[in-house]
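Student: for reference, the sequence and a predicted model appear below.
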Amino acid sequence: MAKKQTPMMEQYRAIRRGLGADTILFFRLGDFYEMFFDDAREAAGILDIALTRRNGIPMCGVPYHACENYVSKLIRAGKKVAVCDQVEEPSQGRKVVAREITGIITPGTVLEESALESKRNNYLAALIGDKGRFGLALLDLSTGDFRVEESEDAAAVRENLLRYDPAECVIPESDHEKGRFSDWLSGDGAPALTPHEDWTFEEDSAQEFLTRHFRTRGLEGFGCADQPLGLRAAGAVLHYVGDQLQRDLSHVTRLRAHHPGDYLLLDETTVANLELVAAAGSARSGTGPTLLKVLDTTRTAMGARLLRHWILRPLRRADAIERRLDAIEAFRADRNRLDAFREHLREVKDVERLAARLHSGTGSPRDVRALACSLERIPELRALLDDIGCAPLEHLRDELCDLPELRRHIQRAIVDEPPALLKDGGVIREGYHAELDELRDAAGEGKQWLADFQAREQQRTGIRTLKVRHNKVFGYYIEVTKSNLEHVPDEYVRKQTLVNAERYITPELKEYENRIFGAQERSLALEQELFAELRRQVLEHTAELQSTAAAVAGLDALATLAERSLLLGYVRPEISETDVLRIHNGRHPVIEQMPGAERFVPNDTELNQSSDRLLIITGPNMAGKSTYIRQVALITIMAHLGSFVPAERAVVGLTDRVFTRIGASDDLAGGRSTFMVEMQETANILNNATERSLIVLDEIGRGTSTFDGISIAWAVAEHLCRSEPSGARTLFATHYHELTDLARTVPGVRNYNVRVRESGERITFLRKIAPGPADKSYGIQVARLAGLPPEVIRRASEILENLEEGEFAESGQPRLARHRPKSKREHDHQIPLF
Ligand SMILES: Nc1ncnc2c1ncn2[C@@H]1O[C@H](COP(=O)(O)OP(=O)(O)OP(=O)(O)O)[C@@H](O)[C@H]1O
């Protein structure tokens with residue numbers, strides 16, 4: 001386009017040039033934020049708004065007063081939004097009004113309520129790798145949660161990063177250029193990537209940023225001394241958020257060190273396979289049943305976030321697990337107390353995010369009011385824990401602060417139901433501030449005066465339809481319809497002529513108008529001042545509010561687990577330092593809750609390293625093999641997160657990782673076939689399992705030819721049992737009956753089958769696990785149950801018989817075409833290979 005640019009477009013381009021391709025520039029023009037060029041094309045699609053053209057330039061826009069929802073939508077789509085405002089009043093003679101970027105909102109730093117999910121954290125991550133070690137920092141700006149961890153185990157760091165599911169990840173610029181970490185941070189639901197200057201990740205810079213932020217002399221007090229890389233990542237986070245984005249960080253008061261060894265590691269596949277927080281095939285917040293859904297009856301958003309976190313990061317230290325179990329036990333001991341406690345929790349709002357919003361300056365009068373209402377519940381919560389006699393709960397109780405003076409102050413200051421926006425006024429309660437009351441009286445009297453004035457003028461002029469009205473241009477005026485014009489007094493000053501009426505003012509009216517407006521304006525300004533002061537007072541208590549929020553979250557999660565355990569019939573697991581996993585009458589926590597499902601049949605499990613190391617589970621299709629092996633994994637995970645478990649008794653040895661290889665799924669987008677995915681997952685397990693791991697394998701080798709499949713499955717099973725130091729405890733569900741022979745040759749292998757009862761052509765699923773291999777597959781019976789047409793079933797039976805009788809052609813292929821006389825048995829044994 002050879003057209004000369006307008007000065008405004010030049011200004012736009014100059015500002016846009018400084019921003020990355022993943023950022024959309026909101027450019028303020030009058031009452032709109034406009035987007036141009038590629039920004040406009042992309043945003044119009046995401047926001048579902050019209051894309052137009054002016055002078056050939058693609059553009060779209062959103063009204064400035066409603067921009068929050070649009071920003072939230074873009075952020076949820078993984079975009080960053082730079083807001084560019086006019087920073088001076090337009091004046092004559094100026095070609096273009098000055099504009100500047102006044103804020104950048106990114107997926108990892110957004111605080112707008114509409115962009116956040118109340119029941120999950122919103123993390124900004126930073127990642128750095130150096131000399132074979134990796135450091136990770138995670139900040140949830142919406143709550144103030146800030147943590148670091150470090151490890152030389154790249155896979156563990158990657159898995160942990162994914163567990164936190166960050167919305168955005170900061171990495172050093174040079175790593176980004178080299179494409180480092182790209183395989184960690186790509187794919188569906190991957191975080192927005194933010195390359196950030198290398199020097200901010202250096203040790204010296206990190207030291208400076210962290211000590212400056214936390215106002216400490218050194219970093220020793222954080223207990224992160226052994227995590228220099230974690231601290232470097234944390235430094236970069238502080239620089240990015242505080243210095244580059246200029247966001248308030250004063251509510252980030254703690255940095256916590258996490259040691260990957262303290263947690264049971266769950267990889268991405270396992271989290272998905274076991275449907276811990278999202279149902280199979282569903283997006284991030286899918287709708288199907290999950291473990292989280294069964295367990296989450298939390299009463300507060302803080303509790304919900306914590307419980308989710310516990311499920312994704314179960315513990316690995318017995319003392320920490322026992323503390324949670326003790327707390328649940330104590331809650332369970334008194335059902336009335338538990339119910340009352342949970343009832344009070346209902347009234348506690350999201351104190352953590354309220355405090356963060358107030359820090360960022362976006363907190364509304366309703367937020368402050370909600371804070372006071374929440375604080376009001378604290379004394380009752382504390383009282384309910386007074387004689388509970390359980391150290392972990394007493395510890396949490398002592399962290400609860402009700403800040404009575406602050407609470408009373410807020411209640412005195414703010415009306416019961418404040419408006420959403422401060423600028424609407426009516427936020428501060430009557431009687432709180434004498435001057436405000438006077439101003440409001442003056443404004444109120446003014447309004448009364450207007451009513452009286454109208455009545456008086458009607459009377460005086462005899463014009464019954466005379467009205468005192470108001471608009472933005474003239475302020476207050478008197479309106480008289482055309483038919484009454486002859487009665488208009490001389491002192492009325494005409495301001496405007498309409499088709500049917502004339503508009504007038506009088507000096508008296510104007511004088512009162514000034515009084516009313518003056519009083520209204522001053523009272524609004526005063527309200528804002530008073531509110532700002534109140535907010536300052538709230539912020540002085542940030543530390544107490546945060547510790548209260550953390551304690552409420554913990555208490556809510558524990559009380560929830562107690563309530564669930566009572567309602568769903570769970571027992572306290574016995575945590576063992578040994579390698580045993582012994583479950584008596586265990587159940588699948590999710591399947592047993594499915595509405596309309598058959599009554600769940602409980603089953604036992606015995607796994608240990610010495611004698612029952614690898615269980616081969618055979619049985620017909622649909623018998624319940626997958627359900628059984630998942631249930632064992634889920635019970636193990638539940639015990640580690642400190643929950644009671646669905647069983648009559650469970651002894652759970654401490655476990656370092658749970659691996660799963662379940663089902664077949666193509667990764668078409670990633671260009672990997674079913675079999676390739678399966679083998680890569682298996683390789684990951686064989687390479688990383690330790691003698692402390694639990695492995696759940698469902699149908700290995702199904703994605704290839706039968707003989708290849710059996711051979712691979714056999715070798716994998718042998719390897720798992722034999723190789724040292726691995727020898728993880730394994731559950732192996734399979735249709736390959738050949739594998740049951742492993743029990744004869746490899747020590748530690750045990751056969752189990754899921755029993756069915758056969759009566760004639762019918763089979764009944766008993767859902768019971770019994771020692772020994774299954775005798776046959778019943779594939780055809782299950783196919784009949786599924787409704788395959790009778791002729792297909794008949795023909796399959798026939799082919800099966802041919803196969804069983806060794807009807808092979810010289811080529812080695814079964815003579816499938818051969819038909820048998822009708823009188824022959826139609827349904828019989830399948831060869832185990834089927
Ligand atoms: N112990 C049980 N009690 C009650 N119902 C069960 C039990 N185990 C499984 N089921 C039900 O049986 C269905 C089939 O179970 P599952 O998928 O585990 O079978 P499978 O043996 O793995 O089958 P396939 O070999 O075809 O994959 C489940 O969806 C569940 O509803």
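Tutor: Structure's in. What do you need?

Student: the helices in the stretch 351-500 of the chain, which residues?
Tutor: Counting by DSSP state H, counting those that start in this stretch, the stretch 351-500 of the chain has helices at residues 351-360, 365-384, 391-399, 404-413, 434-461.

Student: just those: most buried one?
Tutor: Of all the helices of the stretch 351-500 of the chain, helix 351-360 carries the top mean neighbour count, a mean of 23, counting by mean count of other CB atoms under 10 Å. Backbone N, C-alpha and C define where each C-beta goes, glycine included.

Student: neighbouring contacts of that one?
Tutor: Contacts with helix 351-360, where a contact means CB atoms under 8 Å, 6 or more residues apart in numbering, come from 111, 113, 116, 118, 141-144, 247-248, 250-251, 301-302, 363-364, 367-368, 370-371, 374, 535, 538-539, 542, 545-546, 548-550, 552-553.

Student: list buried residues within the residues you listed.
Tutor: Neighbour counting by 16 or more other CB atoms under 10 Å classes 111, 113, 116, 141-144, 247-248, 251, 301-302, 363-364, 367-368, 370-371, 374, 535, 538-539, 542, 545-546, 548-550, 552-553 among the contacts of helix 351-360 as buried.

Student: in helices, which of the residues you listed appear?
Tutor: Judged by DSSP state H, the subset of these located in helices is 301-302, 367-368, 370-371, 374, 535, 538-539, 542, 545-546, 548-550, 552-553.

Student: at the geometric centre of the protein, which residue do we find?
Tutor: With distances taken as CA atoms, centre = their mean, the residue of the chain nearest its centroid is residue 120 (3.2 Å).

Student: low-confidence regions, the protein specifically.
Tutor: 1-3, 92, 281-286, 663-672, 703, 723-726, 776-777, 803-834 (pLDDT under 70).

Student: who in it is up against the ligand?
Tutor: Proximity of the chain to the ligand (CB under 6 Å from any ligand atom) is limited to residues 591, 597-598, 600-601, 619, 621-627, 767.

Student: and residue 651, what are its phi and psi?
Tutor: Backbone torsions of residue 651, given as degrees, to the nearest 10, read phi -110, psi 120.

Student: wait, doesn't it sit right on residue 573?
Tutor: Yes. Contact criterion CB atoms under 8 Å: residue 651 and residue 573 qualify, at 7.3 Å.

Student: who's more crowded, these two?
Tutor: residue 573 (23 against 18; other CB atoms under 10 Å).

Student: who's in contact with that one?
Tutor: Taking CB under 8 Å, 6+ apart, we find residue 573 in contact with 325, 635, 638, 639, 644, 645, 647, 650, 651, 652.

Student: highest neighbour count among those?
Tutor: That'd be residue 639 among the contacts of residue 573, by other CB under 10 Å, with 30 neighbours.

Student: show me what the host helix or strand of that one is packed against.
Tutor: Element membership of residue 639, judged by DSSP states H and E, is helix 625-640. Secondary-structure packing of helix 625-640 (3 or more CB pairs under 8 Å, 6 or more residues apart in numbering; DSSP states H and E): helix 291-295, strand 581-586, strand 603-607, strand 614-618, strand 649-653, strand 657-661, strand 694-698, strand 729-733.

Student: the fifth one pairs with which strands?
Tutor: Partners of strand 649-653 in the sheet, by DSSP bridges, are strand 574-576 (parallel), strand 581-586 (antiparallel).

Student: can you lay out these as TSV showing mean neighbour count?
Tutor: Shown next, in TSV, are these (neighbours: other CB atoms under 10 Å):
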stretch	mean neighbour count
strand 574-576	17
strand 581-586	20
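
Student: nearest to residue 754, out of these?
Tutor: Taking CB to CB, strand 581-586 is the member of the strands paired with strand 649-653 nearest to residue 754, at 13.9 Å.

Student: so that closest one versus helix 625-640, what angle?
Tutor: Computed with axes from the mean of the first three to the mean of the last three CA atoms, to 10 degrees, the direction of strand 581-586 lies at 110 degrees from that of helix 625-640.

Student: CA atoms of strand 581-586 as CSV?
Tutor: Extracted in CSV, the C-alpha atoms of strand 581-586 (Å, rounded to 0.1, in the frame of the first residue of the first chain):
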residue,chain,number,x,y,z
LEU,A,581,0.3,-53.3,49.0
ARG,A,582,-2.5,-55.2,50.7
ILE,A,583,-6.1,-54.3,50.1
HIS,A,584,-9.1,-56.1,51.5
ASN,A,585,-12.4,-55.6,49.7
GLY,A,586,-11.1,-52.6,47.7
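
Student: got a list of contacts for that strand?
Tutor: With contact meaning CB under 8 Å, 6+ apart, strand 581-586 is reached by 602-608, 631-632, 635-636, 645-653, 655, 694, 729.

Student: I'd say residue 607 and residue 732 touch.
Tutor: No. Under the criterion of CB under 8 Å, residue 607 makes no contact with residue 732, lying 11.4 Å away.

Student: type out the ChimeraX command that picks the buried ones from the contacts of strand 581-586.
Tutor: This is how ChimeraX selects the buried members of the contacts of strand 581-586, with burial counted by 16+ other CB under 10 Å:
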select :602,603,604,605,607,608,631,632,635,636,645,646,647,650,651,652,653,655,694,729
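
Student: quick revisit: which strand or helix spans the residue nearest to the centre of the chain?
Tutor: Using DSSP H and E, residue 120 falls outside every helix and strand.

Student: ok, it to the ligand distance?
Tutor: 28 Å (CB to the nearest ligand atom, to the nearest Å).

Student: let me see the contact set for that residue.
Tutor: Residues near residue 120 by CB under 8 Å, 6+ apart: 165, 304, 305, 308.

Student: swap in 6 Å and give it another go.
Tutor: Contact partners of residue 120, counting by CB atoms under 6 Å, 6 or more residues apart in numbering, are residue 305.

Student: go on, residue 780?
Tutor: Residue 780 makes contact with 796, 797, according to CB under 6 Å, 6+ apart.

Student: for it, give its distance to residue 793.
Tutor: Noted for residue 780: a distance of 6 Å to residue 793, by CB to CB, to the nearest Å.

Student: which SS state does the nearest residue to residue 384 once chain neighbours are set aside fall under?
Tutor: Of all residues not flanking residue 384 in the chain, residue 341 sits nearest, at 4.9 Å (CB to CB, 6 or more residues apart in numbering). Secondary structure, DSSP: H, G, I helix; E, B strand; the rest coil: residue 341 is helix.

Student: what's the neighbour count on residue 341?
Tutor: As a burial measure, residue 341 scores 24 neighbours (other CB under 10 Å).

Student: measure it to the ligand for me?
Tutor: For residue 341, the distance to the ligand equals 34 Å [CB to the nearest ligand atom].

Student: that residue and residue 383 touch, don't they?
Tutor: No. Using CB atoms under 6 Å, residue 341 is not in contact with residue 383, being 10.0 Å away.
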